[in-house]
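**Student:** here is my input, please return the structure:
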Amino acid sequence: MIGVAIKRLGLPVGDVLASPFCRTMETARLIFGRAVSTPTVRGGPASGVAPERYAGLRQLLSSPPPSGTDLAIVSHGNPFRAVTDEPYLAEGEAAVIRPLGAAGFRIVARISKDGWDSLGAP
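**Tutor:** Numbers count the residues shown, from 1 in each chain. Next up, the predicted model:
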């Protein structure tokens with residue numbers, strides 16, 4: 001249902017990155033039809049880790065995707081929690097991130113798994 005809503009909205013999805021674990025790869029393929037396995041977005045503990053554990057993810061979220069495209073990341077709750085200090089994403093929930101370059105990134109919205117249908121509605 002999420003994939004259908006994304007197509008209906010005409011979101012220009014470019015790269016689709018997923019944690020290399022089976023569930024995230026399967027979810028990415030179900031939603032977007034494709035995925036690239038990327039250790040940078042893999043799961044791990046949300047707290048008590050060395051700062052460099054999620055440095056690659058912070059850099060990825062801070063870097064704008066190619067012009068005219070959106071980057072999709074399918075991962076786990078722990079990396080999101082570790083780099084944002086926000087509550088965990090619920091199952092199927094998405095966070096919309098605005099990359100700010102050297103200033104990092106900002107969370108623009110959170111979309112529940114059931115919230116996609118209301119987007120773009122007249």
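**Student:** nearest residue to the middle of the chain?
**Tutor:** Taking C-alpha atoms, centre = their mean, the centroid of the chain lies closest to residue 73, which sits 3.5 Å from it.
**Student:** these two touch, right, that residue and residue 41?
**Tutor:** Yes: contact between residue 73 and residue 41 holds when scored by C-beta atoms under 8 Å: they sit 5.2 Å apart. Every C-beta, even on glycine, is put in place using the N, C-alpha and C of the backbone.
**Student:** between those two, which contacts overlap?
**Tutor:** Taking C-beta atoms under 8 Å, 6 or more residues apart in numbering as the criterion, residue 73 and residue 41 both touch 17-18, 60.
**Student:** touching the helix or strand of the chain with the lowest mean pLDDT from outside, list them.
**Tutor:** In the chain, no helix or strand scores lower on mean pLDDT, DSSP states H and E than helix 77-84, which sits at a mean of 90. Defining contact as C-beta under 8 Å, 6+ apart, one finds that helix 77-84 is touched by 41-47, 49, 53-54, 57-58, 61, 86-89, 95, 107.
**Student:** before I go, just wanted to say thanks for your time.
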